[in-house]
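Visitor: pasted the sequence and its predicted model underneath.
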Amino acid sequence: MAPRDTRVRASVEIAATPKRVFFYLTDQDRVKRWQHDVVETQPLPERLQTGMLLRSTIQEYGRRFEVEVRVAALAANEYVGYEMEAPTASVRSEYRLVLQGANTRVESTAWFSPKDSRDSCCPYWEG
């Protein structure tokens, strides 16, 4: 059986300033370009803010479902953290932006906590 809580880390270096990368990460019109499981996003009436609730439609492993995402923390051009509730899991994710010369390193960490004892967020795992 897969572990109950899973942490996933990744990083990438992007040839752009932290300001440009932050705008791209936090612009709801661009989310589908870098979050390939997101098929629809709710338009925002204003810029992203801490505490704001967002709704998205996700499609993964042949399933389509709505998720509610809360902006847990936000520091312009440096950091954004989200908390998400989906039918299959609770997810906490963060993106840290670090200036590396002329580039920006994005450090991403996500913590997944499945809601089903069979680890339904990853149906290819057998429990």
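Guide: The structure has been received and is ready for your questions.
Visitor: pull the helix or strand with minimum mean pLDDT from this structure.
Guide: helix 31-34 (a mean of 78; mean pLDDT, DSSP states H and E).
Visitor: after it comes which helix or strand?
Guide: Next along the chain after helix 31-34, taking DSSP states H and E as the criterion, comes strand 38-41.
Visitor: listing partners with orientation, what would you give for that following strand?
Guide: Note on strand 38-41: by DSSP bridges, its sheet partners are strand 53-60 (antiparallel).
Visitor: what about the protein, any weak spots by pLDDT?
Guide: 1-4, 116-127 (pLDDT under 70).
Visitor: for the most centrally placed residue in it, list each beta-bridge partner.
Guide: With distances taken as Cα atoms, centre = their mean, the residue of the chain nearest its centroid is Ser93 (5.4 Å). Per DSSP bridges, the residues bridged to Ser93 are Tyr82, Ala110.
Visitor: surely it is in contact with Ser108?
Guide: Yes. Between Ser93 and Ser108 a contact is recorded at 7.0 Å, counting by Cβ atoms under 8 Å. Glycine gets a C-beta too; all of them are placed from N, C-alpha and C.
Visitor: buried residues in the longest helix anywhere in the chain, which are they?
Guide: Counting residues, the longest helix found in the chain (DSSP state H) is helix 18-26. Going by neighbour count (16 or more other Cβ atoms under 10 Å), the buried part of helix 18-26 is 18, 21-23, 25-26.
Visitor: please enumerate residues in contact with that helix?
Guide: Here helix 18-26 makes contact (Cβ atoms under 8 Å, 6 or more residues apart in numbering) with 14, 16, 30, 34, 47-48, 74, 76-78, 80, 95, 97-99, 104, 106.
Visitor: okay, and Val67 sits in which element?
Guide: When elements are assigned from DSSP H and E, Val67 belongs to strand 63-75.
Visitor: which neighbours does that strand have in its sheet, and in what orientation?
Guide: Counting by DSSP bridges, strand 63-75 is paired with strand 53-60 (antiparallel), strand 79-85 (antiparallel).
Visitor: hey, which of those is tucked in deepest?
Guide: Sort the strands paired with strand 63-75 by mean neighbour count, taking mean count of other Cβ atoms under 10 Å, and strand 79-85 sits at the top with a mean of 17.
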